[in-house]
Structure formats: C-alpha cells, structure tokens
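[1] Pasting a predicted model and its sequence here:
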Amino acid sequence: MSKAFKSNDDQPDDEPLDFAPPDDDDDPPRGKQYVTAAGSKKLHDELRQLLNVERPKVTAEVSAAAAQGDRSENAEYIYGKKRLREIDRRMHHLQKRIRVLTVVDPTEQKDVSRVYFGATVTLENEEDGTKSTYQLVGPDEIDTKGGRISVDSPIGKALLGRNKSDTVLVQRPKGEVELTIVGIKYV
C-alpha cells in the first residue's frame, strides 16, 4: 500500500487525517473555499470509510479473484480492479478537497445582521408570498431537499452581504424572481 493511503491507527477520530500529499501537480484552488464543521466531518468520515473499510475489503476480493487463475476472463478480478481505481480516485479527490478547505463555524459570525457563509436565511417570494429557508454552504455540502444551497448558486450569490428586509432579484432557469430576506440566523 502506498504512503498516501496509510492510516494512522494511533490518531484519534476527531484529529485531522495525516496523509501524504498526492504526487501530481494539480492547479491551486482559486479563492478561499469554505466548509462548515459538519461538512468537514462528513468528508473526513467518508475518507476514513473508504480507507479503512472499502479499500481493504475490495483488495481482499481482488486477491481472492486473482488466485483463481486466468485474469483476462475473470469478471470478479476485472470488476474488483475497476472498483479499486474508483475508490482510489475518490480518496484522492477527498484528500485534495480536505487540504484546501477552510472550516467555518457559523455560530462564531460577529456580524449577524448580514448574510455570510453558513447563514440560515428565510426568504419570501414576492410573487406568491411563499417562504423558504436555506443555509448557505460550500459545494461539498449541497443538499437542496435539506435546505442547504451553495454560496456559488444564483440565490447564494445574490444573498451574500445583504441585510434583513433587503429584496434581491435572482435569475433562475425558469425566470427571474424577487426574494425578500425575512430572517437571518447563524446556528
């Protein structure tokens, strides 16, 4: 196993993972990239799961399939190798993301009168009076059904820096909409 994928069993679960940086020369990220503490934990948990459970399991399956003989027509071996590449690719992606993300705790926001990363914003649609609530999060945490939208989305961009009672015009695929900020919370 390469150094990049070795786990440190003595390391507590709440400590950052210690991985060797990937060998490739990836482009540096543009601008600051943020994640909430919950989003960071989710990324770390997924990486731990892949590293400590999925990869060893698939590696054992590939070894057992390889022991059966002819690998060119061995579906278990071929599929297992493909799955290992997928796991390694995902682990590499998670390592890169974790390395460049800045964890932000929304509860520590000093200016709670304006919309910033991590804010939970209640909006009223001026057209039909419906209300919706969203938390502005990073691209790794998007869950539109759960009310978590990206700060880079059209609505997220329109809300950043705004105050309660401000009305914003948002261009959506199905047309423009006017939204009024009726509440801002940092939880």
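    Great, that's in hand. Numbers count the residues shown, from 1 in each chain.

[2] pull the longest helix from the chain.
    If you go by DSSP state H, the chain has its longest helix at helix 75-100.

[3] pretty sure residue 136 is touching residue 123, no?
    No - with contact defined as Cβ atoms under 8 Å, residue 136 does not count as touching residue 123 (11.4 Å). The C-beta positions use only the backbone N, C-alpha and C, and glycine is treated the same way.

[4] what's in contact with the next helix-or-strand element following the longest helix of the chain?
    As assigned by DSSP states H and E, the chain's next helix or strand after helix 75-100 is strand 101-104. Residues outside strand 101-104 that contact it (Cβ atoms under 8 Å, 6 or more residues apart in numbering) are 32-37, 40, 43, 117-118, 138, 140.

[5] what about 6 Å?
    Identification of contacts with strand 101-104 by Cβ atoms under 6 Å, 6 or more residues apart in numbering yields 32-35, 37, 40, 117-118.

[6] Give the buried residues for stretch 34-52.
    34-36, 39-40, 43-44, 47, 50-51 (16 or more other Cβ atoms under 10 Å).

[7] And stretch 125-145, by the same measure?
    Across stretch 125-145, burial judged by 16+ other Cβ under 10 Å covers 134-138, 140-141.

[8] pLDDT averaged over the lengthiest strand in the chain - what is it?
    Longest strand in the chain, counting residues (DSSP state E): strand 175-185. If you average the pLDDT over strand 175-185, you get 95.

[9] for stretch 152-163, same thing?
    94.

[10] Return the set of buried residues in it.
    Result for stretch 152-163 [16+ other Cβ under 10 Å]: buried residues 153, 155-156, 158-159, 162.

[11] Mind checking which of the residues you listed land in helices?
    Going by DSSP H, the helices hold 155-156, 158-159 from the buried residues of stretch 152-163.

[12] What is the nearest of these to residue 62?
    Distance to residue 62 across those (Cβ to Cβ) is lowest for residue 156, with 42.2 Å.

[13] Isn't that closest one up against residue 148?
    No - Residue 156 lies out of contact with residue 148 (Cβ atoms under 6 Å); the separation is 10.4 Å.

[14] how near is residue 159 to residue 148?
    14 Å (Cβ to Cβ, to the nearest Å).

[15] Sorry, slip of the keys, the one I care about is residue 177.
    Look at residue 177 and residue 148: by Cβ to Cβ, they are 19 Å apart.

[16] Show the pLDDT at the residue nearest in space to the middle of the chain.
    Nearest residue to the geometric centre of the chain (Cα atoms, centre = their mean): residue 140, 1.9 Å. At residue 140, the pLDDT value in this model is 93.
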